[in-house]
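Trainee: For reference, the sequence and a predicted model appear below.
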Amino acid sequence: MFHRTIVILSLLSSLLFAEKTSFQHEGVSVQMVDAGGHIKHIIVKRDIPDECKKVPINNTMVWTGNYANAKVPEVCKSTYVHTTGSLLPMHLHEDIHTYGELEVLAFIKHMQKDDSMLLIDGRKQEWYDYRTIPGAINLPFHHFKERKSFEFEFEHALRILGVKINENDTLDFSKVKTIAIFCNGPWCSQSVAMIKALLDIGYPAEKMNWYRGGMQTWLAAGMTTTRK
């Protein structure tokens, strides 16, 4: 009986893993509103150009020089600034899950049918407007970290998160959203600052998830963004 249970659990785990990994190729449909107020449907997936798929994966092609052999087509190469920020730990809190790209895709998929879930870009608005993950909303980290200076924005953000502000200014977290937060990369402290500020006011840790890789890792993986 014990052996049979292990086999069943292993099978279920394999099926769930297969479903998650298929997201990157099949994509997840996201409905969002553009700057003109029009509803758009975007398929979020790995956007790998066809010519890149023909590049053999070996040490010579992948790791030569600045991570790409001269024979690799330019469209297949990516470069990012990596002289800023400080690397962050993999786990921020025992009750906060750290996400990778597949977990973010799964979150986006479930979010389409569950309004109690929110994907949050914690960067300032100009970064969000320039490029973000489709389906993410913008709640800038400094509205939480510096909440005394952004009282109106902070209270507005709390309502979006499902936090009820009582008449005596106490906060009710009984119906808050399940959220996933990201910023610029594994060296970006903005999402961390937002998470710490939320913990400080009593937001339940088990309702928060953290995409540590952020925009840098998302782009490095060839994922869809709101800017081409």
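Mentor: Structure's in. What do you need?
Trainee: What about the closest residue to Cys76 other than its chain neighbours, how many residues nearby?
Mentor: Of all residues not flanking Cys76 in the chain, Cys52 sits nearest, at 3.7 Å (CB to CB, 6 or more residues apart in numbering). To be clear about C-beta, it is placed using only N, CA and C from the backbone, and glycine gets the same treatment. Number of residues near Cys52 (other CB atoms under 10 Å) recorded here: 14.
Trainee: likewise Gly100?
Mentor: Residues near Gly100, counting by other CB under 10 Å: 13.
Trainee: re earlier: OK, contacts around the residue nearest to Cys76?
Mentor: 72-73, 75-76 (CB atoms under 8 Å, 6 or more residues apart in numbering).
Trainee: For it, give its distance to Ala68.
Mentor: For Cys52, the distance to Ala68 (CB to CB, to the nearest Å) stands at 11 Å.
Trainee: Give me the common contacts of these two.
Mentor: Cys76.
Trainee: Please report the distance of the residue nearest to Cys76 from Ala221.
Mentor: Going from Cys52 to Ala221 by CB to CB gives 13 Å.
Trainee: do the same with Leu102
Mentor: To Ala221, Leu102 is 10 Å away according to CB to CB.
Trainee: cool, Gln190 as well?
Mentor: Gln190 is 20 Å from Ala221, by CB to CB.
Trainee: And those two? Which one has more around it.
Mentor: Taking other CB under 10 Å, Gln190 and Ala221 do not tie; Gln190 has more neighbours (22 against 16).
Trainee: Tell me the confidence at that one?
Mentor: Looking at Gln190, its pLDDT is 95.
Trainee: again with Val81
Mentor: On the pLDDT scale, Val81 is placed at 64.
Trainee: contacting residues around the closest residue to Arg123 other than its chain neighbours?
Mentor: Leaving aside its sequence neighbours, Arg123 sits nearest to Cys183 (CB to CB, 6+ apart; 5.1 Å). Contacts of Cys183 were listed using CB under 8 Å, 6+ apart, and they are 121-123, 141, 189-191, 214-215.
Trainee: Out of the residues you listed, who's the most crowded?
Mentor: Going by other CB under 10 Å, Gly122 tops these with 31 neighbours.
Trainee: start to end distance for stretch 151-170?
Mentor: 15 Å (CA to CA, to the nearest Å).
Trainee: Kindly apply the preceding question to stretch 51-58 instead.
Mentor: OK, stretch 51-58 end separation, CA to CA: 16 Å.
Trainee: May I have the beta-bridge partners of Met208?
Mentor: On the basis of DSSP bridges, Met208 is bridged to Ile179.
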